[in-house]
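Asker: below: sequence and its predicted model.
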Amino acid sequence: MSQQFTNIVDDLQWRGALSDATPGAEDLLINDKITCYNGFDPTSDTLHIGNLLPLMCLSRLQRYGHTPIAILGGGTGMIGDPSGRTDERSLLSIEDIDANGEKIRVQLEQFLDFDAKSNPAQLINNADWLRSINYLDFLRDIGKNFTVNTMIRRDSVRTRMEREGEGISYTEFSYALLQAYDFLMLYEREGCNFQSGGTDQWGNILDGVDLIRRKHGADKNGLPRAHGIVFPLITDSKGDKLGKSIGGAPALDSNKFSPYRLYQFFFNTDDADVIRYIKLFTWLEPEEVGPLEEAVRENPGRREAQQTLAEQITQIVHGQSGLEQARRVTRAFVRGEFDTLSASELDDLFEGSASIQVEKCDIDNRALSFEELAVATSLAQSFGDARRTVQQGGMYLNSGRVDDPAREITPEDLLHGNLIVLRRGRREHRLVRVL
RNA sequence: GCAGGGAUUGGGGAGCGGUCAAACCCAGCAGACUGUAAAUCUGCCGCCUUGUGCUUCGUAGGUUCGAAUCCUACUCCCUGCACCA
């Protein structure tokens, strides 16, 4: 990488990615090689854009020569972090959590270099130690170091305790101890002396820092041996959590949220947010961001910054092929001309995105209507929905607008003999394969 | 525990025996406009085989020709009071 910044602290600060750090943390980040871990929640089988910032920061750390560790919360995931939750979680089964962990591992590899020579990233499942914990030992060795007085003062705990009739289970109450224990284990086993996380993790991180100090004392300068850095909570200019507007954070799994959709998601970033996002989520440096900033100001309609942001992120998350795919779909989408694409392009285009298969004989017999297909592809929620949308001129078959919901699908509608593209509005697409 | 109040279609919130698939607002969806934006405007916004159709108004029964609307029981929530401390 070009060395515009002399150290990672300047880098992170310029990006607005550093919200807080323990005293002495910055000095170590600049002058030493540290090992930093960040936890990832295995309660879902995919990471989402809310994980983008931690992932990028771990990746940046690695580029500056530090060693990143991604922790799969396979153990803590069985408990659930009360932070930011107003209700008690339901517990996942061990099998579910392990299966989710496997999928997340693949996604992590997109961001971290597990084969680096001097500072390879590591992926560790905290189930390795948490699931074999002996309760009595844990209470003696770890529990002794925490006072309930402090714990119940935590906002996350207090808000739950004040909710009458809801309460917080002992299980979740114990969460903070487990996360602190994680840090201690990683410190002892891997020499891991940093933990990163969102600001909501600040309290949990400090618990770990304190625990390590109690167990291992301070260093020779009287400073803590372990440190924490936290990232800001990312909200858009309206104050909404990133991704909230579309309901549920977009997943990094291309089957759940296609590269094209990810591209579109960021392409549609508000002018007021786009530069901030570029700094946080891409590798672009000041010399590249400056002109974009000016472009937003001088010529917002061209949306250069948005395009750059979308391309960079899609590239990072889904690789070059993912980006190519997103670009191709975008082109087709802008023109609405799917019949101009080749079979292989279409095929490739919709790879990983929602598609269904129908029998060739159904087409030949004209047994399928447009509305049936729209519902079958979940492009419409119901027949009524399909008809309404058709009436409003919002449904398209291949490149043309549909005016009759009951319109039969005929062999002439097939692109390249076996494909049909359905579209709703301007951006919802479905591919139908005919067998 | 006692006394009141309440649970309505994604959220908020009308309705209080038929004219209710249920006002209105928000969200959502489509169309126009536009910068694939925002704002605005228009339409839609339970389901279907579009019909004196079907399923919805906390749950289960009941009264009625007819109930979201009345009665009973149950569940949950809120507000006072008491109990506990």
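Answerer: Structure's in. What do you need? Residues are numbered from 1 along each chain as shown, chains lettered A, B, ... in the order given.

Asker: how is chain A divided into domains?
Answerer: When chain A is parsed into structural domains using automatic domain parsing, the resulting residue ranges are A:8-231, A:244-335, A:347-434.

Asker: for RNA strand B, find the nearest of these.
Answerer: Ranking the domains of chain A by their distance to RNA strand B (criterion: CB to the nearest atom of the strand) puts domain A:347-434 first, at 2.3 Å. For glycine as for every other residue, the C-beta is placed from the backbone atoms N, C-alpha and C.

Asker: do that closest one and RNA strand B meet at all?
Answerer: Yes - Domain A:347-434 is in contact with RNA strand B by CB under 7 Å from any atom of the strand, via A:375, A:381-385, A:387-389, A:392-394, A:424-428.

Asker: where helices are concerned, which of those count?
Answerer: When DSSP state H is applied, the residues of domain A:347-434 next to RNA strand B are split such that A:375, A:383-385, A:387-389 fall in helices.

Asker: out of these, which are buried?
Answerer: Among these, those classed as buried by neighbour count (16 or more other CB atoms under 10 Å) are A:375, A:387, A:389.

Asker: now these as TSV including pLDDT and distance to A:Gly143?
Answerer: TSV is the format used below for these (pLDDT from 0 to 100; distance: CB to CB, whole Å):
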residue	pLDDT	distance to A:Gly143
A:Val375	90	56
A:Arg387	91	63
A:Thr389	92	59
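
Asker: for chain A, give me the ranges with low pLDDT.
Answerer: Judged by pLDDT under 70, chain A has its weakly predicted residues at A:1-3, A:74-94, A:156, A:159-167, A:236-249, A:333, A:348, A:351-354.

Asker: please redo it, this time with the cut-off set to 50
Answerer: Within chain A, the set of residues satisfying pLDDT under 50 comprises A:1, A:84-90, A:164-165, A:247.

Asker: what packs against the top helix by length along it?
Answerer: Secondary structure assigned by DSSP H gives helix A:304-335 as the longest helix of chain A. Judged by 3 or more CB pairs under 8 Å, 6 or more residues apart in numbering; DSSP states H and E, the packing partners of helix A:304-335 are helix A:52-63, helix A:259-267, helix A:271-281, helix A:286-298, helix A:343-349.

Asker: phi, psi of A:His227?
Answerer: Backbone geometry at A:His227, expressed as degrees, to the nearest 10, gives phi -140, psi 170.

Asker: with adjacent residues omitted, what lies nearest to it?
Answerer: Once its chain neighbours are removed from consideration, A:His227 has its nearest residue in A:Ala25; the separation is 3.9 Å (CB to CB, 6 or more residues apart in numbering).
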